[in-house]
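# structural data only, the sequence is not supplied:
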């Protein structure tokens, strides 16, 4: 009797399922984590014995053997399977199709996979374990599966192959066995490392190859010339190098008519664009984020099959070629290059074009109706950050209905663009910095029920903002800042996630915030208006708030205690208002500050927790905060908030934005702070400037102040500090600006080349202080030795020092999220423990 003899039900009905294979499946299920009952149809009960009808199982009508095991789940599904792969699976010796894509199986891939001794899975033609959590080495016996046509091991992230040695010479032998069968290989997003193996070029049947995100390097092996059937080659997100024209020479000459998809994005390829015309079937060309330069070749517009071109983030120069010979083009991404000149009017003939993105180039000239004439399928238009000027008739009606409109920094003219009245489906509109000086027409606010992002900032738009509570969809983001809007802030959508209305002339209170408080609200900037009244006390309902800027208004009263519940806060600006009293006890955890109000208390002892001021490493000069954006509760992207600040720097107030991250300073001046200078300040080794002037501080200067090695500027003037000046101050070799005037210091100024070269005004107003450079000598001095003169003239008069005199040392390191207090105690933000300790930012 055969071990796979068919069973018979009690009613005499024959069961197709083979008993041995059914038991193997039940053993496999035993090791599976199935929280959602996906395998509920699998069982040993009488009514479940027909395993050929179980979910994901198919049997051969001729032999009754199980040939298909398909447990793939969809990417969007929240229900999936986990656990480890049971060895019992290999008892399904007639299995041809095995698919467990998009689950969370883990552990090592069983070494028995491909064991010829027991003929295990030797009939397998399709193997897909994509997007799981398998780890360890890929079994060498995999090459014994000589019938395999599709191999997908992608997105396991921790599969290794010892630098792909398994594919070369002895360890590559398994791949050589596939030279006539294997047509599809996907090993993407596994840390394979090393160079692309030469042996891939021997799989002559290969049609699709994906090695995305595998940490590969070096150049494409010349053996790829053998892949004459190659249709898809995807190797983005690696470290591949070489000249792009040479890369194309490595591709098969006989494959010119087969290659359809080529993705080389996010590598290190350099050189100019080669001649693509020999690849007559090429539809998708992805070259984003490389180091390409030069201009478009004259033959570029002759690839008539090309539907998708992405050159984002390269260094392409020159003019955009005529595009009339690209009739199939649907997507054109040219963002962030160095292209210049005028946009060719031939763009208007690309009737299939859906996405046109050219921001961050140097295009100039006009956009006329001819540029947009036949773009009836256009869905996304992004011409931002260029010198393009729109010249369209007032009665012109576009042929398209756009979903996304980004025209930031284009010139749209002084009047509100009337052609927008024909657009009814857009979800995103950015017309910031476009030169509009007009009121918003009434028809605009009722245009698109899909609107989720609106940015009209940095124009001269005026008038009263109407009721917006029913004008947006999803979880909207609104930016109307830097205009001339007046009147009260209107009713807003209850699900708003970002609201920026700074630098207008808005009046009234902000008690309305309690009506829009929601769990996704993450950014609020109402600074630079005429708003007044008390702050609301409902901040506990905005627990995801990252940005809160209410500076430069007329707010009054006490800071509400509920602000202490904002555990995600990264920057808080409350300066230049009329707040009174002390900081609430709920925020006396050294995470919050406020400046140029009437706040009084001791300086907290937690500055050593501000990691950006402790570290001395350098970085970029921008402070940006990533803000999660939501669409019906689902994360779909991030936006950036660029913090700017009016800072007291070398005697004058200036606005800093692009280099704010380089200004590693703490300015708590012009408040009513009292008590001693916290000893924790000496831990801030990365601090460049410290200004505690014009307060009521007492006690002495920290004796170990020399530990603040990067300090260039120290201003402790107009306080009640006393005691002797510590000798450790002389070890601050970068110190170029010093002011200790108008305190109660006594004793002799320590002798050093550094301290005696400052002007006497630095020490003035300390009656019991003596020694060079002061005119009054110390009694104990028998001889007053003056050290060699060092010219600090350019630093003596702080008022006259220009902003350009900031030294190189001042630009050491970036603060990725700090709150700089100017003129007084500014308010740093509450970072959660998971995100690290908080930096300091200004107002």
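Looks like it arrived, so ask away. All of these numbers come straight from a predicted model, not from anything done at the bench.
# top helix in the protein by residue count?
helix 19-30 (DSSP state H).
# residues contacting the helix or strand that that one is followed by, please?
Scanning forward in sequence from helix 19-30 by DSSP states H and E, the next helix or strand is strand 32-33. Strand 32-33 has contacts (Cβ atoms under 8 Å, 6 or more residues apart in numbering) with 39, 81-83, 104. To be clear about C-beta, it is placed using only N, CA and C from the backbone, and glycine gets the same treatment.
# for those residues, work out which two are farthest apart.
39 and 104 (14.6 Å; Cβ to Cβ).
# between the two, which is the more surrounded one?
residue 39 (18 against 14; other Cβ atoms under 10 Å).
# please read off the pLDDT at that one from the model.
Here the pLDDT value assigned to residue 39 is 95.
# just residue 698 next, same as before
So, for residue 698, pLDDT stands at 94.
# from what I can see residue 121 touches residue 113, true?
Yes. With contact defined as Cβ atoms under 8 Å, residue 121 reaches residue 113; the gap is 6.7 Å.
# name the residues contacting each of the two.
In contact with both residue 121 and residue 113: 90, 145, using Cβ under 8 Å, 6+ apart.
# all the helices of the stretch 101-250 of the chain, in order from the start?
173-176, 244-249 (DSSP state H, counting those that start in this stretch).
# and those, which one averages the lowest pLDDT?
helix 173-176 (a mean of 54).
# quick one: residues contacting the residue lying closest to residue 100 once chain neighbours are set aside.
Distances taken as Cβ to Cβ, 6 or more residues apart in numbering put residue 71 closest to residue 100, at 5.0 Å, once the chain neighbours are dropped. Neighbour list for residue 71: 38, 56, 81, 99-100, 103 [criterion: Cβ under 8 Å, 6+ apart].
# can you do 10 Å?
28, 32, 38-39, 55-57, 80-81, 98-103, 105 (Cβ atoms under 10 Å, 6 or more residues apart in numbering).
# just the buried ones from those, in PyMOL syntax?
Those of the contacts of residue 71 that count as buried under 16 or more other Cβ atoms under 10 Å are selected in PyMOL with:
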select buried, resi 28+32+38+39+56+57+80+81+98+99+100+101+102+103+105
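# Provide the partner residues of residue 488 in its beta bridges.
Each beta-bridge partner of residue 488 is listed here: residue 507, as defined by DSSP bridges.
# any idea how far it is from residue 499?
Distance, residue 488 to residue 499, using Cβ to Cβ, to the nearest Å: 14 Å.
# with neighbour numbers in mind, choose between those two.
Remark: of residue 488 and residue 499, residue 499 carries more neighbours, 25 against 14, as counted by other Cβ under 10 Å.
# doesn't that one fall inside a helix?
No. The assignment for residue 499 (DSSP: H, G, I helix; E, B strand; the rest coil) gives strand, which keeps it out of a helix.
# shouldn't it be in contact with residue 490?
No. If you go by Cβ atoms under 10 Å, residue 499 and residue 490 don't touch, sitting 11.3 Å apart.
# what residues are shared contacts of the two?
residue 468.
# list phi and psi for residue 293.
phi -140, psi -170 (degrees, to the nearest 10).
# how far away is it from residue 282?
21 Å.
# comparing those two, which residue is more hemmed in?
Applying other Cβ under 10 Å to residue 293 and residue 282 shows that residue 282 carries more neighbours, namely 23 against 16.
# okay, now residue 344: neighbour count?
17.
# same deal with residue 343?
Residue 343: 25 neighbours (other Cβ under 10 Å).
# how close does the residue nearest to residue 100 get to residue 564?
Residue 71 is 49 Å from residue 564, by Cβ to Cβ.
# does residue 287 touch residue 270 like I think?
No. When contacts are counted by Cβ under 10 Å, residue 287 is not listed as touching residue 270 (11.3 Å).
# between the two, which contacts overlap?
244, 314.
# who has more neighbours, these two?
residue 287 (24 against 16).
# strands of the stretch 701-843 of the chain, residue ranges please.
Applying DSSP state E, counting those that start in this stretch to the stretch 701-843 of the chain gives strands spanning 713-715, 722-723, 737-739, 744-748, 768-770, 827-828.
# most tightly packed of these?
strand 827-828 (a mean of 31; mean count of other Cβ atoms under 10 Å).
# do you have the helices of this structure handy? List them.
Going by DSSP H, the chain shows helices at 19-30, 173-176, 244-249, 513-516, 611-614, 793-796.
# and the third one, how far out from the chain's middle?
The chain centre lies 32 Å from the centre of helix 244-249; the measure is Cα atoms, centre = their mean, to the nearest Å.
# low-confidence ranges in the stretch 1-150 of the chain?
1-14, 114-119 (pLDDT under 70).
# let's see it at 50
1-12 (pLDDT under 50).
# do the same with the chain
1-12, 163-172, 588-593, 608-639, 649-651, 658-663, 782-843.
# narrow the contacts of strand 32-33 to those in strands?
If you go by DSSP state E, these have 82-83, 104 in strands.
# quick one, strands of the stretch 151-300 of the chain?
Counting by DSSP E, counting those that start in this stretch, the strands of the stretch 151-300 of the chain are 158-160, 184-186, 208-210, 217-218, 232-234, 239-240, 261-263, 270-271, 284-286, 291-294.
# tell me which of those approaches residue 378 most closely.
strand 284-286 (19.1 Å).
# does anything pack onto the closest one? Which helices or strands?
strand 232-234, strand 261-263, strand 308-310 (3 or more Cβ pairs under 10 Å, 6 or more residues apart in numbering; DSSP states H and E).
# can you rerun that using 7 Å?
Here strand 284-286 touches strand 261-263, strand 308-310, going by 3 or more Cβ pairs under 7 Å, 6 or more residues apart in numbering; DSSP states H and E.
# partner strands of that strand and their direction?
strand 261-263 (parallel), strand 308-310 (parallel).
# isn't residue 499 up against residue 524?
Yes. Assessed by Cβ atoms under 7 Å, residue 499 is found in contact with residue 524 at 5.4 Å.
# so what's residue 407 up against?
383-384, 430-431, 434 (Cβ atoms under 7 Å, 6 or more residues apart in numbering).
# among those, which ones are in strands?
Per DSSP E, the subset of the contacts of residue 407 in strands is residue 430.
# what about stretch 322-339, start to end distance?
14 Å (Cα to Cα, to the nearest Å).
# buried set for it?
322-323, 325-326, 329-337, 339.
# what's the answer for stretch 128-147, then?
For stretch 128-147, by 16+ other Cβ under 10 Å, it's 128-132, 134, 138-147.
# can you give me how far it is from the chain middle?
The answer for stretch 128-147 is 33 Å, by Cα atoms, centre = their mean.
# quick check: end-to-end length of that stretch?
14 Å.
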